[in-house]
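Q: Here is a sequence together with a model predicted from it:
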Amino acid sequence: MNQPLAERVRPKSLDEYLSQQHLVGENGALTLQIKNGTVSSLIFWGPPGTGKTTLAQIIAHESERPFYTLSAISSGVKDVRVVIEKAKQSGGLFTAKNPILFIDEIHRFSKSQQDSLLGAVEKGWITLIGATTENPSFEVIPALLSRCQVYVLNPFSKSDLEMLLNRAMAADGVLKSKQIILKETEALLRLSGGDGRKLLNIFELVINSENSEKITVTNDLVLQKVQKNTVLYDKTGEQHYDIISAFIKSIRGSDPNAAVYWLARMVEGGEDVKFIARRMVILASEDIGNANPNALVLANSTFQAVNTIGYPEARIILSQCATYLASSPKSNASYMAIKQAQQVVKQTGDLSVPLEIRNAPTQLMKELNYGKGYQYAHDFEENFVDFEFLPEEISGTTFYKPGNNTREQKFREFLEKKWKGKYGY
């Protein structure tokens, strides 16, 4: 009976749904499918509180399909099979009205649990809608991922969150019975971290904590009421991103002590070990790169190891990797190289591949001089031939600039010797 505010004002139709215009706006990727009732199996990927569950319910409502829901936290293979059997009985095979099975936090399903969905999805017994806060490329098995379209939901903007508050005050019976003045919203928005559900929960907490029928919402009032209810580490809120940011910047700044401290904060808060390890894999390439190629090897091994080990022992492996990365020489040369190269591609478009280095698998291509004049480097002294492989329009452009460290200095010397100053090495 005492439903939370977020549940009481949950949108029931596409017209009431806020945000995600790239998906459900006038020209949204899903709009026509939803209106026609022809939505295929899909996965919604986005931060908490961005409307993944709501959108799944709206799809089922608009297309008049039976709707079944499971939570990956509390459901096993047996639960999946029971729901699939119910779905088979309630919907016709290969029809537009086949039931929808919504699985919240699908990234928490094991491989065997995900495998149990394959047959039902492939045969059309169900339309699967999964919701995840984690990159499905890492967390969803390839066989299932290939049968689903992935749609990204964005965090709510400031205007979206303010609209959410105003709509709640206009639509909810409890709030309408009070005189609420939204004088300041900065604290509400900041504490929500872009999570619509969390915003409404905080708002309701503040309103319910005031005995008066006339309430003026200010930043001070929000902070005063919420302070006592704030957890030390919120894995899905603003602090989640602040602490992982502090962790990464500590490693980048070669401070192993700070890195271990922020790691401990995440460990004590129960952060997903794969999330921590994945960020270190990225950092090993972005911030260390060729200054120490072993960093990427260790970070990748760490990701594999903690995925197998789990807590509590995984903390030791994470600590080893974090301290190694923090103590390693740094270079962002590879990161800057691809960043600059992408910028050139955007500016210059699809430049033609030089004829000499084109593939020539057919006779016609050979007659068109594809591959003609190509010089095989291994046929030359020191396995090198002075031939530039860039398109003529950007000839001589230098993307990779070796960093100022021992290993990359050797790269610089090698390249300078080969290219004789051509690229400024």
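A: Looks like it came in fine.

Q: Could I get the full set of helices for the stretch 1-150 of the chain?
A: Here the stretch 1-150 of the chain has its helices, by DSSP state H, counting those that start in this stretch, at 5-8, 21-24, 31-36, 52-62, 77-90, 111-122, 136-139, 142-145.

Q: Who are the packing partners of the third one?
A: Contacts defined by 3 or more C-beta pairs under 8 Å, 6 or more residues apart in numbering; DSSP states H and E place helix 31-36 against helix 21-24, helix 52-62. Where C-beta positions appear, they are placed from N, C-alpha and C, glycine not excepted.

Q: if you compare the helices of the stretch 1-150 of the chain, which one is most tucked away?
A: Per-stretch averages of neighbours, counted by mean count of other C-beta atoms under 10 Å, single out helix 52-62 among the helices of the stretch 1-150 of the chain, with a mean of 21.

Q: With only the CA atoms kept, save it in PDB.
A: The C-alpha trace of helix 52-62 is given here as PDB (Å, rounded to 0.1, in the frame of the first residue of the first chain):
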ATOM      1  CA  LYS A  52      15.000   0.900 -18.400                       C
ATOM      2  CA  THR A  53      12.300  -1.000 -16.500                       C
ATOM      3  CA  THR A  54       9.700   1.600 -17.300                       C
ATOM      4  CA  LEU A  55      10.400   1.500 -21.000                       C
ATOM      5  CA  ALA A  56      10.100  -2.300 -21.000                       C
ATOM      6  CA  GLN A  57       6.700  -2.100 -19.300                       C
ATOM      7  CA  ILE A  58       5.500   0.600 -21.700                       C
ATOM      8  CA  ILE A  59       6.600  -1.600 -24.700                       C
ATOM      9  CA  ALA A  60       4.500  -4.500 -23.300                       C
ATOM     10  CA  HIS A  61       1.500  -2.200 -22.600                       C
ATOM     11  CA  GLU A  62       1.600  -0.500 -26.000                       C
END
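
Q: Ala246: how many residues sit nearby?
A: 16 (other C-beta atoms under 10 Å).

Q: Name the secondary structure element that contains it.
A: Assigned by DSSP states H and E, Ala246 belongs to helix 238-252.

Q: Could I get the average pLDDT for that helix?
A: Average pLDDT, helix 238-252: 85.

Q: Return the set of buried residues in the helix or strand following it.
A: Per DSSP H and E, helix 238-252 leads on to helix 256-268 as the next helix or strand towards the C-terminus. Across helix 256-268, burial judged by 16 or more other C-beta atoms under 10 Å covers 256, 258-260, 262-263, 265-267.

Q: Go through the residues you listed and say which is closest to Ile100.
A: Distance to Ile100 across the buried residues of helix 256-268 (C-beta to C-beta) is lowest for Met266, with 35.2 Å.

Q: Let's have the buried residues of helix 256-268 in CSV, adding pLDDT and distance to Ile202.
A: Shown next, in CSV, are these (pLDDT from 0 to 100; distance: C-beta to C-beta, whole Å):
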residue, pLDDT, distance to Ile202
Pro256, 94, 36
Ala258, 93, 30
Ala259, 95, 31
Val260, 96, 32
Trp262, 94, 25
Leu263, 95, 28
Arg265, 90, 22
Met266, 90, 23
Val267, 90, 26
